[in-house]
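In: Okay, predicted coordinates and the sequence, questions at the end:
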Amino acid sequence: MTEHLFDNTSSLDQALAQQVGQILKDAVAERGQASLAVSGGRTPLGFFKALSQMALPWQAIVVTLVDERWVAPAHGDSNEKLVRDNLLQHAAAVARFVPMKNLADTPEAGLEQLIAAYQAVPKPFDVIILGMGDDGHTASLFPGADELQHGLTSQDLLCAVNPGHAPHARMSLTAHSITQARHLFLHISGQKKRDVLAQAMQAGPVEALPVRFAIQQHKVPLHVYWAA
Ligand SMILES: O=C1O[C@H](COP(=O)(O)O)[C@@H](O)[C@H](O)[C@H]1O
């Protein structure tokens with residue numbers, strides 16, 4: 001694991017956008033296409049804005065999500081809405097977006113169809129950017145969720161999750177899919193998340209702080225981008 005520390009979020013957003021942009025550009029040059037899976041929440045807003053303005057071969061880049069809340073795409077809590085409003089703008093408006101939500105009533109009911117739709121995403125994912133909650137969840141792999149073990153151990157691409165203490169049923173990439181990525185980032189900010197990360201770096205059960213699966217694995221180097 002490599003830590004990249006910044007004094008403020010705008011320096012981080014620019015640096016992360018440069019790094020991710022270069023990886024995507026190289027991927028398109030080498031393989032003709034690239035895939036980027038991003039997290040939702042509040043942390044990635046500035047990064048999305050910076051990346052969306054970069055001159056990249058966006059027509060050849062597929063953007064999708066690491067996780068999604070099972071709400072309508074126009075809902076204020078939708079990660080799809082966040083990405084459409086902030087990342088798929090400017091130069092990035094021509095990128096192809098594969099949603100992580102369909103019309104099914106529940107994530108469980110929509111799972112099979114969604115896995116089929118994900119065939120359109122080039123794999124392995126070129127870049128996956130994780131976030132982290134103050135409870136140590138990453139993607140939608142929440143401590144205490146009934147589906148956590150499945151999300152951490154299954155070889156499936158996606159899993160349905162009912163977080164219990166957090167709002168909305170969710171769809172999430174599994175730990176297995178996340179660790180298949182060619183490049184893996186964890187993007188966090190603020191002292192509280194730094195403290196949670198420090199705790200997660202100590203030995204302890206993955207179930208208590210699910211972000212540990214990304215720290216403890218050896219399949220893909222994890223780059224942590226943190227800003228004060
Ligand atoms: O619920 C979620 O939370 C995490 C962290 O969000 P933040 O607002 O603290 O940045 C996010 O990574 C995840 O994608 C989202 O669904």
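Out: Cool, got the structure. Residues are numbered from 1 along each chain as shown.
In: Where is the longest helix in the protein?
Out: Secondary structure of the chain per DSSP state H: the longest helix is helix 9-31.
In: interface residues of this structure facing the ligand?
Out: With C-beta under 6 Å from any ligand atom as the criterion, the chain meets the ligand at residues 39-43, 66-67, 79, 131, 133, 140. Bear in mind the C-beta positions are built from the backbone N, C-alpha and C, glycine included.
In: follow-up on the earlier one: and the helix or strand following the longest helix of the chain, what does it pack against?
Out: Counting by DSSP states H and E, the next helix or strand C-terminal to helix 9-31 is strand 34-38. Applying 3 or more C-beta pairs under 8 Å, 6 or more residues apart in numbering; DSSP states H and E, one finds that strand 34-38 makes contact with helix 9-31, strand 61-65, strand 127-130.
In: what's the last one packed up against?
Out: Packing partners of strand 127-130 (3+ C-beta pairs under 8 Å, 6+ apart): helix 9-31, strand 34-38, strand 183-189.
In: returning to that earlier point: counting only helices, which of the residues of the chain next to the ligand make the cut?
Out: Applying DSSP H to these, the entries found in helices are residue 79.
In: Could I have the buried ones of the residues of the chain next to the ligand as ChimeraX selection syntax?
Out: Typed into ChimeraX, the line below selects the buried ones among the residues of the chain next to the ligand, using 16 or more other C-beta atoms under 10 Å:
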select :39,40,43,66,67,79,131,133,140
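In: Output the residues of the chain next to the ligand in TSV, with pLDDT appended to each entry.
Out: Formatted as TSV, those follow (pLDDT from 0 to 100):
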residue	pLDDT
39	98
40	98
41	95
42	96
43	98
66	98
67	98
79	98
131	98
133	97
140	98
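In: Tell me the one among the residues of the chain next to the ligand nearest to residue 30.
Out: Checking the residues of the chain next to the ligand against residue 30 by C-beta to C-beta gives residue 66 as the nearest, at 23.3 Å.
In: Show me which residues of stretch 193-211 are buried.
Out: Within stretch 193-211, the residues scored as buried using 16+ other C-beta under 10 Å are 193-194, 196-197, 200-201, 206-207, 209-211.
In: before we move on, the earlier item: now do the longest helix of the chain against strand 34-38, angle only.
Out: Interaxial angle of helix 9-31 relative to strand 34-38 (axes from the mean of the first three to the mean of the last three C-alpha atoms, to 10 degrees): 150 degrees.
In: picking that back up, out of the helices and strands packed on strand 127-130, which gets nearest to residue 144?
Out: Among the helices and strands packed on strand 127-130, strand 183-189 comes nearest to residue 144, with 20.6 Å by C-beta to C-beta.
In: what comes into contact with the closest one?
Out: Residues outside strand 183-189 that contact it (C-beta atoms under 8 Å, 6 or more residues apart in numbering) are 9, 12, 16, 19-20, 23, 39, 43-44, 47, 126-132, 138, 178, 194, 197, 211, 214, 220-228.
In: which of those residues count as buried?
Out: The neighbour count (16+ other C-beta under 10 Å) marks 9, 12, 16, 19-20, 23, 39, 43-44, 47, 126-132, 138, 178, 194, 197, 211, 214, 220, 222-227 as buried among these.
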